[in-house]
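Q: Kindly generate the corresponding structure for this input.
(chains A, B, C and D)
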Number of protein chains: 4
Amino acid sequence: MELISKSEKINTSISIGEEELFNEQTCRIMAGPCAVESRDQIMFTADKLAEMGIKIFRAGSFKPRTNPYAFQGAHEQGLEWLEEVKKTYGMKIITETSDSTNFPLVEKTTDIIQIGAKAMYDYAILRMAGRSSKPVLLKRHFGATIDELFKMADYILTEGNKNIMFCERGIRTFETSSRFTLDLCGAAVIKNQSRIPLILDPSHSMGWSFGVPDIAKACVAFGCEGILIEVHHNPAEALCDKDQALDLKQFKELYDTMKAIGNAIGKEVK
Amino acid sequence: MELISKSEKINTSISIGEEELFNEQTCRIMAGPCAVESRDQIMFTADKLAEMGIKIFRAGSFKPRTNPYAFQGAHEQGLEWLEEVKKTYGMKIITETSDSTNFPLVEKTTDIIQIGAKAMYDYAILRMAGRSSKPVLLKRHFGATIDELFKMADYILTEGNKNIMFCERGIRTFETSSRFTLDLCGAAVIKNQSRIPLILDPSHSMGWSFGVPDIAKACVAFGCEGILIEVHHNPAEALCDKDQALDLKQFKELYDTMKAIGNAIGKEVK
Amino acid sequence: MELISKSEKINTSISIGEEELFNEQTCRIMAGPCAVESRDQIMFTADKLAEMGIKIFRAGSFKPRTNPYAFQGAHEQGLEWLEEVKKTYGMKIITETSDSTNFPLVEKTTDIIQIGAKAMYDYAILRMAGRSSKPVLLKRHFGATIDELFKMADYILTEGNKNIMFCERGIRTFETSSRFTLDLCGAAVIKNQSRIPLILDPSHSMGWSFGVPDIAKACVAFGCEGILIEVHHNPAEALCDKDQALDLKQFKELYDTMKAIGNAIGKEVK
Amino acid sequence: MELISKSEKINTSISIGEEELFNEQTCRIMAGPCAVESRDQIMFTADKLAEMGIKIFRAGSFKPRTNPYAFQGAHEQGLEWLEEVKKTYGMKIITETSDSTNFPLVEKTTDIIQIGAKAMYDYAILRMAGRSSKPVLLKRHFGATIDELFKMADYILTEGNKNIMFCERGIRTFETSSRFTLDLCGAAVIKNQSRIPLILDPSHSMGWSFGVPDIAKACVAFGCEGILIEVHHNPAEALCDKDQALDLKQFKELYDTMKAIGNAIGKEVK
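A: Predicted structure coming up:
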């Protein structure tokens, strides 16, 4: 926790290219499907989200699924489609590296390197991310304490990368009626002990779309620097995590409410 | 879960006397100190909160402390002071029954019977509450599943009391940097499976005052029917749970922001 | 933890009548069905267990079931049948008080007052148990820390009862393939910090009979002072917790192996 | 869980060279220090353990420490000393790969590839292990369900390696008086659902040496195929996990008792 908690060592605002996308006055919405499934799916969804004003598109092309027989992602092909999203809509991309062997490929395409929860303890990935010039979003493992999250970030920081964001996406508890348990109390400790930008993920924590809007609204009011949220043009047909995706209409409605909540607490939701 | 989930069997709006205090359009703030400590403390705090517009005063007179050598509450004396708050300020009272032997005394004074987390499985108290004409706030035990909470409420309902509210006040998880872990995902399941009014408790879940305002704001945006929050005129000197109490100034500021968030989501915070 | 950890204040060996049944050289087996169902069931099972040499018969007559519509026990009638077991077979009885209203009845019949996990925080029961002349078995709540277990025992001790036993019966964790998680590591802390007799309950922790024998053997080798185990003459027909009960043949085989393990570690299993 | 649970697809006995070291009739003890610290430490400890009859020596040379500033292991140098243990004492070695970049080095020296708890979700390591001809010990992550453990093993199995062992080394729960919580109930589910050899680790689960012997005895009586235990010639000076290591005298005494327990349950401890 040593380095991370010293504010002068890390960046509290994060830019991609010329644009400052994360800072204390902003709650940045990163939206998109769980997985890259096809070129049509990606371009259609990006088009709709860009139209709403979303600047960062999320979608995984290497999916570290627990079940080895489940859909594992579109791989290199998917990254090419994400490049197309960048060119066509001017959106920034956040996509996940699932293990150290696909890190170089992912890093080349992505604007923000997402280290998934299961990879939070992957020392090979942490070191690679530490040597990258791109910002890193480090997801808290569902079995990790806040203290461990800080220490893993230190592995990145000691390699030189100061552009780190934390993401709380739910911890594993005895309550199984939701997929995970979003730990807002732990998030309050993160805010108290560091100035590192904090991202919250209502989709993975809740796991069921019926609860995602209320939790997303809570996340904005809590005062985080960003939200990672799953949106699919047709959740019933999604190849990955279909139970937790919002459809485009649900997301649009939520997005408007989130903006109003942002006004109430003095943060711009965008 | 059978009865509770059948909406016709329970009341979704709850009145005390003539006044409807809980309903789907309202987020009702119940504020006050953890414990009744002295007449001066109670009257001073109630005066300030009444002035702000708070209608329901919370304070425990029988404190079920884990440590048998800690302050155990002001008992009957405390209830008398709470009666004085009712008469002087016209506020309603919510106070806790800690075990079945003090139930009759507490019931006589209180406007809402609070069944604390540790008493959630106390069948003697549940039956007594079920036979009372007063509304009941049933707190979820920190080790209880949502399913168990519903079943314990059924014990109350089968005795005839239809005025039940649930309170999520944090569950116990592996994360110990906060006192408990507020389970908003579980709360979303409660909302989805029943129409019972839902109260959230940022103070007990967080356990540290630095995090209480952000979590309280999140609770309002989430869309609950009420919030239970600890306010002390001088937290440093509080006899019980002093680390989690807000002072009057902090609370006032929070209250104003909560009202603005309420407007953003279409609920009146009062 | 103050009083409990001071060995001179509590009894490390516990007698019932003239007979010392619990001490550091013994692992005492308490066996019987989860619930008293009928006179025939109780007398038949007691007869078989007495024949094997079991001295303490367990069975609940007030069953604190989570589901209010499930079988709630045989109540006073059940206690009468347990009296008959005492007279006919000379066995001692351990049976549970589920809430403070049935404490006096249970206390009259039972030789050991069992405070169930859900009643661990019931201050009314704790005080009543503290004033009783009978030994108390205090079960750890599935959401309670070791520290809380010690503090609840202090409530009993401060009322004067020095004959307390702890029972670890499984805590609630994220792993749901078993009913609960037997916490042997926590049990090791109990042994290290106090000399209070320690009882382990493989039946409730595991919840599935297939695992109970291996866990029961582990409990003996661990070095506890007693084991609480569910045995039913026909588990498939049991009215309560049928999945975790051993039948008489399975129990006999296990009992013999437990005796051999006892020899290996220098404790007499009986 | 598909493949793992089909017994014909995995090996239930595991040989290293000519020697069958793991099978259902054996409880194999793997002992040694947490970390390779120096040539003297390793050779001295191996000498003592070989003398007692221990056949498999454990010690980590790449230590995936949570704290980036803590001792990180002796690396290649340490592996050379482990080679010397093999040659001098004829012992087999089990040592850990902490991330995919050191897998090839570790694989060359070790007789059993240990995948540590934090690497359980590391798909790069799982695939490498699946292509190796050496047996793999897969430790359950402290936040992983049994179901996830089975699925991660499937990643190894689908690459062709049928010599897999599971290791339960404690899960993370709300109880923090021990380092982790050994999940014997979950282990019983593993035994019930597969015939894969099961190893238990009393040292990491307990975290405090005072509890390790009782838990190790419990593990033997439970009926596992092996035990991984930390032994240090001078625990007070250990560079890693010193609180949980037994000294040589404590281990010798425990080893003798474990053998006696093995006799009682019909397994040979060796």
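Q: Any part of stretch A:187-200 near chain B?
A: Yes: interface with chain B: stretch A:187-200 contributes A:188, A:189, A:191, A:192 (Cβ under 8 Å from any Cβ of the partner chain). From N, CA and C alone the C-beta is placed, and that goes for glycine too.
Q: One more: stretch A:161-172?
A: Yes: Stretch A:161-172 is in contact with chain B by Cβ under 8 Å from any Cβ, via A:170, A:171.
Q: Now do that stretch: distance from first to last residue.
A: Stretch A:161-172 has an end-to-end distance of 29 Å (Cα to Cα, to the nearest Å).
Q: Please apply the same query to stretch A:96-107.
A: 9 Å.
Q: Give me the buried stretch members for it, please.
A: Within stretch A:96-107, the residues that count as buried by 16 or more other Cβ atoms under 10 Å in any protein chain shown are A:96, A:97, A:98, A:99, A:100, A:101, A:102, A:103, A:106, A:107.
Q: Can you give the contact residues for that stretch?
A: If you take Cβ atoms under 8 Å, 6 or more residues apart in numbering or on different chains as the criterion, stretch A:96-107 is touched by A:60-64, A:73, A:75-76, A:79, A:95, A:113-116, A:118-119, A:122, A:124-125, A:128-129, A:132, A:134, D:99-101, D:122-124.
Q: are any of the residues you listed buried, and which?
A: Among the contacts of stretch A:96-107, those classed as buried by neighbour count (16+ other Cβ under 10 Å) are A:60-64, A:73, A:79, A:95, A:113-116, A:118-119, A:122, A:124-125, A:128-129, A:132, D:99-101, D:122-124.
Q: Point out the ones among the residues you listed that are inside strands.
A: Of the positions in the buried ones among the contacts of stretch A:96-107, A:95, A:113, A:114, A:115 sit in strands, assigned by DSSP state E.
Q: Looking at those residues, spot the one nearest chain D.
A: residue A:115 (12.0 Å; Cβ to the nearest Cβ).
Q: burial of the closest residue to that closest one other than its chain neighbours, as a residue count?
A: Distance criterion Cβ to Cβ, 6 or more residues apart in numbering or on different chains; nearest residue to residue A:115, sequence neighbours excluded, is residue A:138 at 5.0 Å. Other residues lying near residue A:138 total 27 when counted by other Cβ atoms under 10 Å in any protein chain shown.
Q: would you say residue A:138 is within a strand?
A: Yes: Residue A:138 sits within a strand when classified using DSSP: H, G, I helix; E, B strand; the rest coil.
Q: That one pairs with what?
A: Listed by DSSP bridges, the beta-bridge partners for residue A:138 are residue A:115, residue A:166.
Q: Output the set of residues of the stretch 101-250 of chain A in proximity to chain B.
A: In this structure, the stretch 101-250 of chain A approaches chain B at residues A:143, A:145-147, A:170-171, A:173-186, A:188-189, A:191-192, A:205-208, A:210-211, A:214-215, A:217-223, judged by Cβ under 8 Å from any Cβ.
Q: Give me the buried entries from those residues.
A: Buried among these (16+ other Cβ under 10 Å): A:143, A:145-147, A:170-171, A:173-186, A:188-189, A:191, A:205-208, A:211, A:214-215, A:217-223.
Q: Ramachandran angles for residue A:227?
A: With angles defined as degrees, to the nearest 10, residue A:227 sits at phi -140, psi 140.
Q: quick one: it and residue A:201 touch, right?
A: Yes: here residue A:227 reaches residue A:201: they are 7.4 Å apart, a contact under Cβ atoms under 8 Å.
Q: Please identify which of these two sits among more neighbours.
A: Legend: neighbour count by other Cβ under 10 Å for residue A:227 and residue A:201, higher for residue A:201 (30 against 23).
Q: these two touch, right, the more buried one and residue A:228?
A: Yes: with contacts counted by Cβ under 8 Å, residue A:201 reaches residue A:228, the gap being 4.4 Å.
Q: overlap in contacts of those two?
A: A:167, A:169.
Q: Tell me the helices and strands packed up against the helix or strand containing residue A:29.
A: Using DSSP states H and E, residue A:29 falls within strand A:26-32. Secondary-structure packing of strand A:26-32 (3 or more Cβ pairs under 8 Å, 6 or more residues apart in numbering or on different chains; DSSP states H and E): helix A:39-52, strand A:56-58, strand A:226-230, helix A:248-265, strand A:268-269.
Q: State the mean pLDDT of the longest one.
A: Pointing back at helix A:248-265 there. In this model, helix A:248-265 carries a mean pLDDT of 98.
Q: For that helix, list every residue counted as buried.
A: Buried-residue list, helix A:248-265, by 16+ other Cβ under 10 Å: A:248, A:251, A:254, A:255, A:257, A:258, A:259, A:260, A:261, A:262, A:264, A:265.
Q: Export it to PDB, keeping only CA atoms.
A: Extracted C-alpha coordinates of helix A:248-265, given in PDB (Å, rounded to 0.1, in the frame of the first residue of the first chain):
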ATOM      1  CA  LEU A 248     -30.000  -0.400 -25.800                       C
ATOM      2  CA  LYS A 249     -33.300   1.100 -24.700                       C
ATOM      3  CA  GLN A 250     -32.800   0.200 -21.100                       C
ATOM      4  CA  PHE A 251     -29.300   1.700 -21.200                       C
ATOM      5  CA  LYS A 252     -30.500   4.900 -22.800                       C
ATOM      6  CA  GLU A 253     -33.100   5.400 -20.100                       C
ATOM      7  CA  LEU A 254     -30.500   4.600 -17.400                       C
ATOM      8  CA  TYR A 255     -27.900   6.900 -19.000                       C
ATOM      9  CA  ASP A 256     -30.300   9.900 -18.700                       C
ATOM     10  CA  THR A 257     -31.000   9.200 -15.100                       C
ATOM     11  CA  MET A 258     -27.300   8.800 -14.300                       C
ATOM     12  CA  LYS A 259     -26.700  12.200 -15.800                       C
ATOM     13  CA  ALA A 260     -29.300  13.800 -13.500                       C
ATOM     14  CA  ILE A 261     -27.800  12.100 -10.500                       C
ATOM     15  CA  GLY A 262     -24.400  13.300 -11.600                       C
ATOM     16  CA  ASN A 263     -25.700  16.900 -11.500                       C
ATOM     17  CA  ALA A 264     -27.100  16.300  -8.000                       C
ATOM     18  CA  ILE A 265     -23.600  15.400  -6.600                       C
END
